[in-house]
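Participant: When you get a sec, could you give me coordinates for this:
(chains A and B)
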Amino acid sequence: MVEILASQVVSGLATGCVYALVALGFVLIFKATDVVNFAQGEFVMASGFISYTLLIWYGLPYWLVFFVTILLSGVMGVVLERVVVRPIMSAPIFSIVIATIGASTVMRSAAGIVYGYDVLPLPTIFSKDPIRLGILNFTIMDVGVIGCSLAIMLALYLFFKWTKTGMAMRATAQSQTAAQLMGVSVKQIFSLTWAISAGIGGIAGVLIAPIIYLDPNLGIIGVKAFAGAILGGFGSIPGAIVGGMLLGVLENLSGYFFNAGIKQVSTYILLILVLIVRPSGLFGAVAMKKV
Amino acid sequence: MNKGDSLKTLLLVVIGGAVLALPNVADNYVIYIGARLFVYILVALGLNLLTGYAGQVSLGHAAFFAIGAYTAAVLAESLQWPFALCVVAAAVFTAVVGYLLGLPCLRLSGLYLAMATLGFTLIVQEMLLQLSVITHGSEGMSVPTASILGFTFDSDYRKYYLLLGVTIVMLLLARNLVRGRTGRAFLAIRENERAAEAMGVNLAQYKTIAFAISALYTGLAGALSAFLVGFLDPQEFSFFLSIQFITIIILGGLASLLGSVLGAGFLIILPELLAGLDVWQALVYGVIMVLTILFMPFGLSGAIRRYAYRWFGIGVEPIIPRRLGH
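Facilitator: Below is the predicted model of the structure:
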């Protein structure tokens, strides 16, 4: 019993890490630009297809595919920001959200037109062979996904903490006006933020597409990641990571106890309960509005 | 009567005449789409009262729609209640559910509220599948034909006029509501909760009222839609439907009854116009959606107001609110 539960936690943590990466994408964009990008899940889907194309159609080696996919995903993020979001930055937040929803419709249907709606097989870098460590049963893939995600998160942390650009991004998140006055090009920071967020989404896509499935509806993973970000407290980077991981683990555990349908909704029931107790999520600051 | 009012009246008469005459000149499919449009207008009115006026974002309206539809269908099938009673009971029941959902949502706002209500949609959809004793689960359920005092609404032609009548009544009710005390309280809550409270608006009371009224409209729409389509498929009530509802009111114009009508018209008729595009339909639909919001960030009604003032000098110059922190 304990053995099975422990293994469920590990494999849940693997999916949870991917949710956390996508949630990070949401939060980074939100912190820097006050925009909620509902096309975040579509970056995951698109990069799944990009890596499929490069691997299967062009037969490139996996490590090259990995980097090219992340790069292209980042470019997609910049294009989306320039074409769809920037022209209406002064519009109400609702309008921007709808613009990103429109963009996600476009991306999803474009993928459908090119690749069809059947599930495509995507080979993984990591093998699915089981390993046994004490009471834990897991696969190399679980460890690989968790390891990759943690490495990305560490890299991001170091980037924000120690580089000049990282500091400029943190400054922009705090106050756009003050950052601009200090000589930071806020527009460039916006583009860079979108590139990084989309790039992280791209990594998430390469990691998760072989595990679950690859079809144009893969972007729905964005809803779970969004739920993870909300659970942690939207706008908090540690919150996004913890929330995403927690969501993955809970989902997997409830899959062990309940049937597949209840597994899907149990996390949302829990999320609502958490929100009733903590209206701004686990790590979110309570927003006070001045009268 | 000034220039603006007479032009408005003229437009209203022309459009009203066209809407009344449509079923007599159009084919069955067009009539059906028209009837479906009225259903979406009802939902848009309800959602706009809650999200546009009271400022409470909801992605839970697919759930209210489903609850209205299934309540009406179950009452009609198992208890064989008469049609009118089914619809009223479904609307009232949905309003009660809306009120109850509003209670835990009192502390939530913005994205957190959106996520909680989105969760509600997903939970209700799963319940439709799990409670197969009542709802027939994934098989879906058929709905008997509607009739009032022996007059059966068995053709799309008759359903069209029924829905038109209900929509006009509910539109007028919504207009009264937003112009009165409740509407002003909603706007005050949206603009600033603390200030509203200081002015004597009971936040808890008005927020839950907003949820209940909004759910009432949506439940009514769901019940009527059940009788219009004649079949309920639980897959229909997914969170995509919630997103479609919110898209309707934002593209149409938030806090605008005209916007609710225009948004519903735009998003229901557009896919029909694009039906010939086959696989490209969704793509073109998305592109048009993005372009619309790029060129009309305040929705269709916002654009109409702006250009009516600029070109014809009708109305007042719309105030463009600035976003905080920019």
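
Participant: and the closest residue to chain A within the stretch 101-250 of chain B, how far is that from A:Thr267?
Facilitator: Across the stretch 101-250 of chain B, the shortest distance to chain A (C-beta to the nearest C-beta) belongs to B:Gly119, at 3.5 Å. In short, each C-beta sits where N, CA and C put it, glycine included. Separation of B:Gly119 from A:Thr267 (C-beta to C-beta, to the nearest Å) stands at 9 Å.

Participant: tell me, what's touching these two both at once?
Facilitator: A:Ala227 (C-beta atoms under 8 Å, 6 or more residues apart in numbering or on different chains).

Participant: before we move on, the earlier item: next, count neighbours for the residue of the stretch 101-250 of chain B closest to chain A.
Facilitator: 26 (other C-beta atoms under 10 Å in any protein chain shown).

Participant: As PDB, could you dump the C-alpha coordinates of the one helix or strand it maps to?
Facilitator: In this structure, B:Gly119 sits in helix B:110-130 according to DSSP states H and E. Extracted as PDB, the C-alpha positions of helix B:110-130 are listed here (Å, rounded to 0.1, in the frame of the first residue of the first chain):
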ATOM      1  CA  GLY B 110     -10.700  38.400 -10.400                       C
ATOM      2  CA  LEU B 111      -8.600  35.400 -11.500                       C
ATOM      3  CA  TYR B 112      -9.400  33.400  -8.300                       C
ATOM      4  CA  LEU B 113     -13.100  33.800  -8.900                       C
ATOM      5  CA  ALA B 114     -12.600  32.900 -12.600                       C
ATOM      6  CA  MET B 115     -10.800  29.700 -11.600                       C
ATOM      7  CA  ALA B 116     -13.300  28.700  -8.800                       C
ATOM      8  CA  THR B 117     -16.200  29.100 -11.200                       C
ATOM      9  CA  LEU B 118     -14.300  27.300 -13.900                       C
ATOM     10  CA  GLY B 119     -13.800  24.400 -11.400                       C
ATOM     11  CA  PHE B 120     -17.600  24.600 -10.800                       C
ATOM     12  CA  THR B 121     -18.200  24.100 -14.600                       C
ATOM     13  CA  LEU B 122     -15.900  21.100 -14.700                       C
ATOM     14  CA  ILE B 123     -17.400  19.500 -11.500                       C
ATOM     15  CA  VAL B 124     -21.000  19.900 -12.800                       C
ATOM     16  CA  GLN B 125     -20.100  18.400 -16.100                       C
ATOM     17  CA  GLU B 126     -18.600  15.400 -14.400                       C
ATOM     18  CA  MET B 127     -21.700  15.100 -12.200                       C
ATOM     19  CA  LEU B 128     -23.900  15.000 -15.300                       C
ATOM     20  CA  LEU B 129     -21.900  12.000 -16.400                       C
ATOM     21  CA  GLN B 130     -21.700  10.300 -12.900                       C
END
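
Participant: Check which helices and strands that helix is in contact with.
Facilitator: Applying 3 or more C-beta pairs under 8 Å, 6 or more residues apart in numbering or on different chains; DSSP states H and E, we find helix B:110-130 packed against helix A:221-232, helix A:260-277, helix B:61-77, helix B:83-105, helix B:239-252.

Participant: Run the chain-centre distance for the third one.
Facilitator: In other words, helix B:61-77. 15 Å (C-alpha atoms, centre = their mean, to the nearest Å).

Participant: With the second one instead?
Facilitator: If you compare the mean C-alpha spot of helix A:260-277 with that of the full chain, they lie 20 Å apart, counting by C-alpha atoms, centre = their mean.

Participant: ok, it near chain B or not?
Facilitator: Yes - Helix A:260-277 comes into contact with chain B (C-beta under 8 Å from any C-beta of the partner chain), by way of A:Gly261, A:Ile262, A:Gln264, A:Val265, A:Tyr268, A:Ile269, A:Leu271, A:Ile272, A:Leu275, A:Ile276.

Participant: Which member of the residues you listed is positioned nearest chain B?
Facilitator: A:Tyr268 (3.5 Å).

Participant: close to chain B, is stretch A:70-80?
Facilitator: No - using C-beta under 8 Å from any C-beta, stretch A:70-80 never reaches chain B; the gap is at least 10.1 Å.

Participant: Okay, strands next: where are they in the chain?
Facilitator: All of this is about chain A. With DSSP state E, the ranges of strands along chain A come out as A:130-133, A:136-139.

Participant: You answered for a different chain; I wanted chain B.
Facilitator: B:141-142, B:146-148, B:151-153, B:231-232.

Participant: Output those strands as a markdown table; include the columns mean pLDDT, distance to A:Gly244 and mean neighbour count.
Facilitator: Output for those, formatted as a markdown table (pLDDT from 0 to 100; distance: least, C-beta to C-beta, whole Å; neighbours: other C-beta atoms under 10 Å in any protein chain shown):
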| stretch | mean pLDDT | distance to A:Gly244 | mean neighbour count |
| --- | --- | --- | --- |
| strand B:141-142 | 86 | 37 | 16 |
| strand B:146-148 | 79 | 47 | 17 |
| strand B:151-153 | 81 | 49 | 14 |
| strand B:231-232 | 92 | 35 | 17 |
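
Participant: Looking at those strands, which is nearest to A:Gly202?
Facilitator: Closest to A:Gly202 of those, according to C-beta to C-beta: strand B:231-232, at 39.6 Å.

Participant: who does the closest one pair up with?
Facilitator: The strands beside strand B:231-232 in its sheet (DSSP bridges) come out as strand B:141-142 (antiparallel).

Participant: tell me the pLDDT at B:His136?
Facilitator: Each residue has a pLDDT score; the one for B:His136 is 87.

Participant: Ignore what I typed, I meant A:Ala168.
Facilitator: Looking at A:Ala168, its pLDDT stands at 92.

Participant: Now do it: how many residues are near it, please.
Facilitator: Neighbours around A:Ala168, by other C-beta under 10 Å: 19.

Participant: That one: what's it in contact with?
Facilitator: A:Ala179, A:Val184, A:Ile189.

Participant: As JSON lines, those with neighbour count, distance to chain B and pLDDT would be great.
Facilitator: Output for the contacts of A:Ala168, formatted as JSON lines (neighbours: other C-beta atoms under 10 Å in any protein chain shown; distance: C-beta to the nearest C-beta, whole Å; pLDDT from 0 to 100):
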{"residue": "A:Ala179", "neighbour count": "21", "distance to chain B": "12", "pLDDT": "89"}
{"residue": "A:Val184", "neighbour count": "19", "distance to chain B": "16", "pLDDT": "89"}
{"residue": "A:Ile189", "neighbour count": "22", "distance to chain B": "15", "pLDDT": "92"}
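
Participant: Just the ones of those residues in helices?
Facilitator: A:Ala179, A:Ile189 (DSSP state H).

Participant: Distance to B:Leu7 added to the contacts of A:Ala168, as a markdown table?
Facilitator: Shown next, in a markdown table, are the contacts of A:Ala168 (distance: C-beta to C-beta, whole Å):
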| residue | distance to B:Leu7 |
| --- | --- |
| A:Ala179 | 48 |
| A:Val184 | 50 |
| A:Ile189 | 47 |
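
Participant: Thanks a lot, see you next time.
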